[in-house]
Each structure stands twice: as C-alpha cells, then as structure tokens.
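Student: Okay, predicted coordinates and the sequence, questions at the end:
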Amino acid sequence: MSEPTQKYSISMPRDVAEAARARSGPSGLSAYVTAAVARQIERDNLAELIAVAEAEHGPITEEEIEATREIQRRARAEQTAGSEPERKAS
C-alpha cells in the first residue's frame, strides 16, 4: 500500500515546469516530480554514505575505480556471452 499523499505548493522556473509537464506522460506531473525528488534523495543519501566511508577509509583512488569498472566490464561480457543462443554446427 502506498503512503498517503499531501498537497504541496512549490515554485520552479517556468521552462523547467513546462518541460516536466511535457515529459510526464499519462501518470501526470505529480508522479513525475515525485520520482525526480525520490531520485535526488537517493543521490543525497549515497553522497552521505560515500562521505562517511571516505572519512573512515580515505578517498577512493582512480586505480580502485578503474579496477571496479574492469570487473563490471568482464561481468557484462560474461552475461552477454551466456545469454546468446547456442548455434548448431553445420
């Protein structure tokens, strides 16, 4: 069951509001804005988590980032290879 909703009044630049309304689709502007705010809260929470981790363990190095990216590339490649249909030899 969804949380109860409450009506709020917000101000935003007209061009932003019009672009959001144009993209909101059948779910409407309220749902579009709600999803955008929820994503921003997730990003803020992640930034706070990273700050705490870096304060405890030091900043993440470029080498660590690149090593993680390589692990992800390999995993994607393995998933792609595993999802291709087998071909029969002629």
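Tutor: Right, received. Where do you want to start?

Student: Would you list the phi and psi of I60?
Tutor: Torsion angles at I60 (phi, psi; degrees, to the nearest 10) stand at phi -80, psi 130.

Student: That one against E54, yeah?
Tutor: Yes: contact criterion CB atoms under 8 Å: I60 and E54 qualify, at 7.0 Å. For the C-beta atoms, the positions are set from N, CA and C on the backbone; glycine is no exception.

Student: So which residue is dead centre in this structure?
Tutor: By CA atoms, centre = their mean, the chain has its centre lying nearest to R39, at 6.7 Å.

Student: pLDDT wise, what is S90 at?
Tutor: If you check S90, the pLDDT there is 53.

Student: And the helix or strand where Q79 lies, what's buried?
Tutor: Following DSSP states H and E, one finds Q79 within helix 62-83. Judged by neighbour count (16 or more other CB atoms under 10 Å), helix 62-83 contains no buried residues.

Student: Quick one: list the elements packing against that helix.
Tutor: Packing contacts for helix 62-83, counted by 3 or more CB pairs under 8 Å, 6 or more residues apart in numbering; DSSP states H and E, involve no helix or strand.
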